[in-house]
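Colleague: sequence? don't have it. structure:
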């Protein structure tokens, strides 16, 4: 059975699964738009999304991937993964 959801329902699914702090509201909007564009028949699996995607600041990315100050976190992610979108302070990306 297939059910079409909107952005509000997508965000609410994360809240219902106790994952409301995994992504910012803007980060969830980037993910929703990404899935809508890439695969309109995407089957929502909140836990899988939380395992496969992250939202981090540049400093958090550097710490997580062991980058030094001379390396750009966005360049690293572009070469080794996929950036879904950015906010004023974070990057939403598929984990490398």
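Modeller: Nice, I can see it. Note that the structure is predicted; figures quoted are calculated from it, not measured.
Colleague: pLDDT (mean, whole number) over the helix ranked longest in the chain?
Modeller: Longest helix of the chain, by residue count under DSSP state H: helix 25-38. For helix 25-38, the mean pLDDT works out to 96.
Colleague: now stretch 70-77
Modeller: 91.
Colleague: Return the distance of that stretch from the chain's centre.
Modeller: 17 Å (Cα atoms, centre = their mean, to the nearest Å).
Colleague: what do you get for stretch 21-31?
Modeller: 7 Å.
Colleague: Likewise for stretch 2-12?
Modeller: Remark: stretch 2-12 is offset 16 Å from the chain centroid, using Cα atoms, centre = their mean.
Colleague: now stretch 84-96
Modeller: Worked out by Cα atoms, centre = their mean, stretch 84-96 lies 6 Å from the chain centre.
Colleague: buried stuff in that stretch?
Modeller: Neighbour counts over stretch 84-96 (16 or more other Cβ atoms under 10 Å) mark 84-85, 87, 90-93 as buried. In this view, the C-beta of every residue, glycine as well, is placed from N, C-alpha and C.
Colleague: How about stretch 17-24?
Modeller: Of all the residues in stretch 17-24, those buried under the rule 16+ other Cβ under 10 Å are 22-23.
Colleague: Just the endpoints, please. Distance across it?
Modeller: Taking Cα to Cα, to the nearest Å, the first and last residues of stretch 17-24 lie 15 Å apart.
Colleague: Identify the residues contacting that stretch?
Modeller: Here stretch 17-24 makes contact (Cβ atoms under 8 Å, 6 or more residues apart in numbering) with 14, 31, 46-47, 50, 53, 55, 87, 90, 92.
Colleague: can you give me the helices for the protein?
Modeller: 7-16, 25-38, 46-52, 58-65, 73-80.
Colleague: of all those helices, which gets the most neighbours per residue?
Modeller: Most buried of the helices of the chain by mean neighbour count (mean count of other Cβ atoms under 10 Å) is helix 25-38; its value is a mean of 16.
Colleague: Now find how far off-centre that helix is within its chain.
Modeller: Centroid separation for helix 25-38 versus its chain: 8 Å, with Cα atoms, centre = their mean.
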